[in-house]
Structures are given as C-alpha cells and as structure tokens.
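Student: Sequence first, predicted coordinates after that:
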Amino acid sequence: MARRALFQEQEQSFHIDISPLLDVVFILLIFFIVTAVFVEESGLEINRPEAMSAEQLSKKSIFIAVQDAKNIWYGGARIGVAGIKPTLHQILSQRDLPVIIQADKSVPTELLIQVLDLTKSAGAKQVHVATRGGQT
C-alpha cells in the first residue's frame, strides 16, 4: 500500500519544465532578426520590361526608381534628375555598392541614358537596369 501511495505521489509531481526551451527559442529568434539582411527597395510599383537574359543581382545594392523625369526616387524620397549625382556620390564615397536602376518600361530611352550617365559620373562602378525574367 505504501508503495502505491509513493508511486502516485511521484506520478503527480512529475512535469516537464519548458521554460529553458522557450529561452533558447527566443534567443534564436533575436539572433536571426539582428543578423537578417533587409532588402532596400524603392517602394514603388515599377512596370519593368522583360528580358530573356535577366539574372539575380546582389541584395546589397543601391536602388534608383525611375517613373518619369520628375519622379526619380531613392529610398522613398523623390530626388529628381538633379539629385541623382549628389545622392549617389555621398553614398558611394562611404562604400562601393552596385547601383540598380528600376526604370518603368514607359520611360523614354533618353531619360534612361541620362540616369545611367549621372550614375556612372557619381562614381558607380557597377550599374544594372532591373528587368523581369522572360518566359521561355
């Protein structure tokens, strides 16, 4: 009888403590949030042209969005044609990153070439034009 009472008492007091497991999960969550690389997009809907030779580029890049001559954006701010060179020169003087131009497919070629020239004259060594991957 005493054995049964002892066994029932041990059975009732047995429980699994999951607080160390929760601590580890939260520490891992914090680690992944802190070390995550966030992609900096222009925040605009750009209707990019298609290209069969499209390829993935580095996520650590400078994104310039071009809608028309008055609507050229960087980092959510409208910089216009006149703001391209000073903005990129300031960024590229601190670190060398590739520049990706996200131009709407309705943007005139002359404007796209002007943006490319200003980007290169600001000191960009790698300049790419964003496209959508083509259908095969």
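Tutor: Perfect, I can see it now.
Student: Domains of the protein: list them as residue ranges, please.
Tutor: In terms of domains, the chain is parsed into 2-35, 50-133 (source: automatic domain parsing).
Student: And what about Ile27, helix, strand or coil?
Tutor: Per DSSP: H, G, I helix; E, B strand; the rest coil, the secondary structure class of Ile27 is helix.
Student: and Leu92, what element?
Tutor: Here Leu92, judged by DSSP states H and E, is contained in helix 84-94.
Student: Strand partners (parallel or antiparallel) of the helix or strand that that helix is followed by?
Tutor: Scanning forward in sequence from helix 84-94 by DSSP H and E, the next helix or strand is strand 99-103. Take DSSP bridges as the rule and strand 99-103 pairs in its sheet with strand 62-68 (parallel), strand 127-129 (parallel).
Student: tell me the angle of strand 99-103 relative to helix 84-94?
Tutor: With axes from the mean of the first three to the mean of the last three CA atoms, to 10 degrees defining the directions, strand 99-103 sits at 150 degrees from helix 84-94.
Student: roughly how far apart are the closest residue to Asp96 other than its chain neighbours and Ile79?
Tutor: Counting by CB to CB, 6 or more residues apart in numbering, Asp96 lies nearest to Lys125, which is 6.4 Å off, once chain neighbours are set aside. C-beta: built from backbone N, CA, C; applies to glycine. Going from Lys125 to Ile79 by CB to CB, to the nearest Å gives 20 Å.
Student: Of these two, which one has the most company?
Tutor: For Lys125 versus Ile79, the count of surrounding residues by other CB atoms under 10 Å is larger for Ile79: 18 against 10.
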